[in-house]
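In: Prediction below, plus the sequence it came from.
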Amino acid sequence: MRAALKSIGAYVPQKVMTNKDFESMVDTTDEWISKRTGIKERRIAAEDEMTSDMGVEAAKVAIHRAGLKINDIDMIVCATISPDYLCMPSTACVIASKLGRTNVTAFDISAACTGFIYALAVAKAFIESGMKNNVLIIGAEKLSAIVDYTDRTTCVLFGDGAGAAVVSATRKKSEAITDIHVSADGNYGDLLMTPGCGVKNPCSQKVIEEKLCTMKMKGNETFKIAVRTLTSDVVNILNDNEMSAEEIKHFIPHQANYRIIKAVGDALKLTEEQVVLTVGKYGNTSSASIPMAMNEIWESGRLQYGDTMLLDAFGGGLTWGSALLPFAGEPNTVK
Ligand code: ACO
């Protein structure tokens with residue numbers, strides 16, 4: 001038995017926050033943000049809109065587009081670093097409940113921006129082992145809830161949103177996920193972290209005053225490692241599968257920074273048509289960014305059945321990963 005990605009869906013909150021909006025909040029400019037990151041605007045969830053709510057909306061779209069009903073789904077995996085609750089219940093369990101699905105395997109994955117690729121790897125393994133048939137994978141983030149809006153080095157980067165996909169069992173080799181690489185090096189954990197509210201620094205007055213429950217990032221160091229690691233990772237996965245960069249129809253990288261995406265794309269000599277870019281519209285939505293970007297090209301009619309996709313992500317942990325797969329879903333007929 002093999003695993004195929006059968007559908008994609010996404011949800012973005014209504015509220016748009018532009019670079020200009022930050023100029024009155026912190027010492028920054030639209031020009032700095034645009035030039036250094038490629039970000040123009042990002043979406044911000046409503047106060048009463050949780051990570052699970054966005055995940056549910058994206059999931060409903062993905063299940064519908066896969067031609068399935070919620071009861072056909074036998075496992076739900078949610079990748080997130082902004083779960084509804086710190087420890088329990090998992091956001092996947094909350095999503096399962098909101099979708100009306102009980103008696104289902106459901107759990108979260110914490111791999112920061114690489115979360116969606118980790119979730120894809122887990123779905124593939126469960127399906128290939130014969131344990132599951134239809135796995136719903138979700139990347140959902142309300143990063144606005146864990147951003148320090150007085151820290152200009154991080155607050156301008158992140159946005160909210162969710163993406164979801166259905167991965168199903170197939171016997172067709174042409175539809176199957178070709179390969180996935182997922183990796184981590186915990187020695188660099190301090191480059192990107194939320195230091196507070198875990199067991200090491202439990203919630204306290206100090207944790208609140210020093211905003212230790214928000215994301216802290218050594219951006220420039222992370223940038224250099226990201227470019228190096230992502231480039232070698234995509235080269236390795238292509239070599240391992242005896243494929244060339246020209247055979248990739250859509251390169252769908254994690255949308256953290258236009259300069260990182262360009263550096264990796266240039267190293268592979270990819271054309272502009274091959275590279276999917278949504279960072280300008282949505283900023284960095286961590287685990288949601290790859291499925292949101294995939295959904296954009298599906299909805300615009302660019303992503304067709306059988307197209308070869310190369311996914312690629314890097315994030316806190318540090319974690320990184322890449323995936324080679326054909327799109328095995330129905331084409332978009334709504335233009
Ligand atoms: N506005 C104006 N100036 C700023 C801002 C801002 N918003 N932010 C930082 N600066 C300043 C800095 O203070 C610094 O000033 P100094 O020279 O006086 O000290 C200067 O700009 C340059 O700062 P750098 O950090 O060197 O800027 P850089 O070009 O590296 O861009 C950025 C910063 C955008 C964060 C980049 O390093 C980056 O994208 N890093 C990688 C992010 C990433 O991929 N993270 C992993 C995924 S995220 C996840 O897993 C949740």
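Out: Looks like it arrived, so ask away.
In: What residues does this protein have near the ligand?
Out: Neighbours of the ligand within the chain, by C-beta under 6 Å from any ligand atom: 28, 32-33, 36-37, 112-113, 152-153, 156, 192, 219-220, 222-223, 226, 256-257, 260, 284, 286, 314-316. (Glycine included, C-beta is placed from N, CA and C.)
In: Inside helices: which ones of those residues?
Out: In this view, these that belong to helices under DSSP state H are W32, I33, R36, T37, R152, T153, G219, N220, T222, F223, A226, I260.
In: so where do the strands sit in the stretch 51-200 of the chain?
Out: 75-79, 105-109, 134-142, 160-170, 179-184, 192-193 (DSSP state E, counting those that start in this stretch).
In: Direction included, what does the last one pair up with?
Out: So that's strand 192-193. Strand 192-193 has its sheet partners listed here by DSSP bridges as strand 216-217 (antiparallel).
In: can you list contacts of the partner strand?
Out: D151, T153, T154, L191, L192, M193, T194, P195 (C-beta atoms under 8 Å, 6 or more residues apart in numbering).
In: Isn't the last one up against K211?
Out: Right, P195. No: in this structure P195 lies outside contact range of K211 using C-beta atoms under 8 Å: 9.7 Å.
In: out of the strands of the stretch 51-200 of the chain, deepest packed?
Out: Stretch with highest mean neighbour count among those: strand 134-142 (a mean of 31; mean count of other C-beta atoms under 10 Å).
In: Render the CA-only coordinates of it in PDB, please.
Out: C-alpha atoms of strand 134-142 as PDB (Å, rounded to 0.1, in the frame of the first residue of the first chain):
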ATOM      1  CA  ASN A 134      -7.400   8.300   5.100                       C
ATOM      2  CA  VAL A 135      -5.300  10.700   7.200                       C
ATOM      3  CA  LEU A 136      -6.200  14.400   7.600                       C
ATOM      4  CA  ILE A 137      -3.100  16.500   8.200                       C
ATOM      5  CA  ILE A 138      -3.400  20.100   9.300                       C
ATOM      6  CA  GLY A 139      -1.000  23.000   9.800                       C
ATOM      7  CA  ALA A 140      -2.700  25.700  11.800                       C
ATOM      8  CA  GLU A 141      -1.300  28.700  13.600                       C
ATOM      9  CA  LYS A 142      -2.500  31.600  15.600                       C
END
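In: between it and strand 160-170, how big is the angle?
Out: Put simply, strand 134-142 runs at 170 degrees to strand 160-170, going by axes from the mean of the first three to the mean of the last three C-alpha atoms, to 10 degrees.
In: what's the distance between the residue in the stretch 151-300 of the chain that the ligand sits nearest to and A313?
Out: Closest contact between the stretch 151-300 of the chain and the ligand, by C-beta to the nearest ligand atom, is at G219 (2.8 Å). Counting by C-beta to C-beta, to the nearest Å, the gap from G219 to A313 is 17 Å.
In: Mind checking which of those two has more residues around it?
Out: A313 (31 against 16; other C-beta atoms under 10 Å).
In: Could you give the bridge partners of that one?
Out: Residues in a beta bridge with A313, per DSSP bridges, are G321.
In: surely R101 meets D74?
Out: No: with contact defined as C-beta under 8 Å, R101 does not count as touching D74 (9.3 Å).
In: Looking at these two, which one has more neighbours?
Out: Per other C-beta under 10 Å, whichever of R101 and D74 has more neighbours is R101, with 20 against 17.
In: ok so, going back, how about the strands of the stretch 51-200 of the chain, which one is nearest K69?
Out: When the strands of the stretch 51-200 of the chain are compared by C-beta to C-beta, strand 134-142 sits nearest K69, at 10.0 Å.
In: any chance you could map the helices in this protein?
Out: Taking DSSP H, the helices of the chain run over residues 19-23, 30-37, 51-65, 91-98, 115-128, 152-155, 205-209, 219-240, 258-267, 279-282, 289-299.
In: low-confidence ranges in the protein?
Out: Residues of the chain meeting the criterion pLDDT under 70: 334-335.
In: Tell me how it divides into domains.
Out: For the chain, automatic domain parsing gives the domain ranges 2-174, 179-326.
In: circling back: only the buried subset of the residues of the chain next to the ligand, as a PyMOL command please.
Out: To isolate the buried ones among the residues of the chain next to the ligand in PyMOL, judged by 16 or more other C-beta atoms under 10 Å, type:
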select buried, resi 28+33+36+37+112+113+152+156+192+219+222+223+226+256+257+260+284+286+314+315+316
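In: Any figure for the gap between the residue positioned nearest the centre of the chain and M25?
Out: What sits nearest the mean C-alpha location of the chain, by C-alpha atoms, centre = their mean, is S287, with 2.6 Å. According to C-beta to C-beta, S287 and M25 sit 25 Å apart.
In: which parts of stretch 33-47 are buried?
Out: So for stretch 33-47, counting by 16+ other C-beta under 10 Å, buried means I33, R36, T37, G38, I39, K40, E41, R42, R43, I44, A45.
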